[in-house]
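# just a sequence and a predicted model for now, questions to come.
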Amino acid sequence: MAADTVSATDPREALQGLANDPGVPKPDPIVIGDSITRTFGGLKAVDVEHIEIQRGVITALIGPNGAGKTTLFNLLTGFDVPNSGNWSFNGKPLAKMPAYKVARLGMVRTFQLTKVLSKLTVIENMRLGATGQLGEHFFPAIFKSLWRRQEHEVTERADELLARFKLDAKREDFAGSLSGGQRKLLEMARALMVNPDLIMLDEPMAGVNPALKQSLLGHVKSLRDEGRTVLFVEHDMDMVRDISDWVIVMAQGQIVAEGTPASVMADPRVIDAYLGAHHDTDLSELDEEALAEQVEAELEAEIEAEES
């Protein structure tokens, strides 16, 4: 799946000079999506007209709380079903494909609240991450000779990843005994058991102490250096600036801006999304009557737009 070596042409260089427009076409997209919507009751949580994720780089998906970032993650990875929309991964359509089949194709994700199996040991959690195991099928499971060699290879792969993420000392410990940061590392390591092309991280730094944060940052960068694509949701802007090559900004379910970290942080659309359109205005100095008229006019314009 993932390339063993990084291409001679740095994928990050291909992003230079692209417009900061929502849904801007990428030189080599690994994911392409169109008209993706998800509605809960009367609330449209996701309304993405077009999205492309560049291959071989780290892309950050940012936005204020409730912007629809995690919902979009859930839709792309098969953990939720959209009201409409189509998207593809490596050219293969994924719409309405269940999560386990999406993972088999090489698109895996972690969660904001880790999903480790607390009553299994660390190594058992790792083994569960591998796909295509003969011992998981009823009839082959009866004959140990059919799956013993494969299980040994899976365990070797798991031990290599545990050593890489410095969890080898916890190999036989129950996953429930790990700290929050260690669980994040375990979940990331387990995701790599399928050798994915694209790994999606939902707030990887949430609840992680400063000592482990730098370790996690290093591991995310190493994924890119191996030729994998990383898409992550994060509220820590320092992390976004530090490791991301491209940033996609969501607000109210829509993509409002894209670009390099430096260009996005200075984009007025991004500032408005986080702080509101009147972020640089002292509201105490505004004429209340004029402000009320302005708000009323904006509401009327929105109603007319919806009716037209």
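The structure has been received and is ready for your questions.

# now for the protein, the helix or strand with the poorest mean pLDDT.
Ranked by mean pLDDT, DSSP states H and E, the weakest helix or strand in the chain is helix 138-142, scoring a mean of 59.

# by contact count, what packs against the next helix or strand after it?
For helix 138-142, the succeeding helix or strand toward the C-terminus, using DSSP states H and E, is helix 144-164. Applying 3 or more Cβ pairs under 8 Å, 6 or more residues apart in numbering; DSSP states H and E, one finds that helix 144-164 contacts helix 122-128, helix 138-142, helix 180-191. For glycine as for every other residue, the C-beta is placed from the backbone atoms N, C-alpha and C.

# buried residues, helix 144-164. List them.
With burial defined by 16 or more other Cβ atoms under 10 Å, the residues of helix 144-164 counted as buried are 147, 154, 157-158, 161-162.

# winner for burial among the helices and strands packed on helix 144-164?
Ranked by mean neighbour count under mean count of other Cβ atoms under 10 Å, the helices and strands packed on helix 144-164 are led by helix 180-191, which reaches a mean of 22.

# need the residues that contact that helix.
Helix 180-191 is contacted from outside by 108-111, 114-116, 122, 125-126, 128-129, 161-162, 164-167, 170, 175, 178, 199, 201, 204, 207-209, 211-213, 215-216, 219, using Cβ atoms under 8 Å, 6 or more residues apart in numbering.

# filter the residues you listed to the buried ones?
Buried, going by 16+ other Cβ under 10 Å: 108-111, 114, 116, 122, 125-126, 128-129, 161-162, 165, 167, 170, 175, 178, 199, 201, 204, 208, 212-213, 216, 219, out of those.

# low pLDDT regions in the protein?
1-9, 112-114, 131-147, 150, 274-295, 306-308 (pLDDT under 70).

# which parts of it are helices?
69-76, 99-105, 122-128, 138-142, 144-164, 180-191, 210-225, 237-243, 261-265, 268-275, 288-307 (DSSP state H).

# columns distance to Ala14 on top of the ones you listed, output as JSON lines?
Listed next are these as JSON lines, based on distance: least, Cβ to Cβ, whole Å:
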{"stretch": "helix 69-76", "distance to Ala14": "22"}
{"stretch": "helix 99-105", "distance to Ala14": "24"}
{"stretch": "helix 122-128", "distance to Ala14": "34"}
{"stretch": "helix 138-142", "distance to Ala14": "45"}
{"stretch": "helix 144-164", "distance to Ala14": "28"}
{"stretch": "helix 180-191", "distance to Ala14": "26"}
{"stretch": "helix 210-225", "distance to Ala14": "14"}
{"stretch": "helix 237-243", "distance to Ala14": "18"}
{"stretch": "helix 261-265", "distance to Ala14": "16"}
{"stretch": "helix 268-275", "distance to Ala14": "23"}
{"stretch": "helix 288-307", "distance to Ala14": "36"}
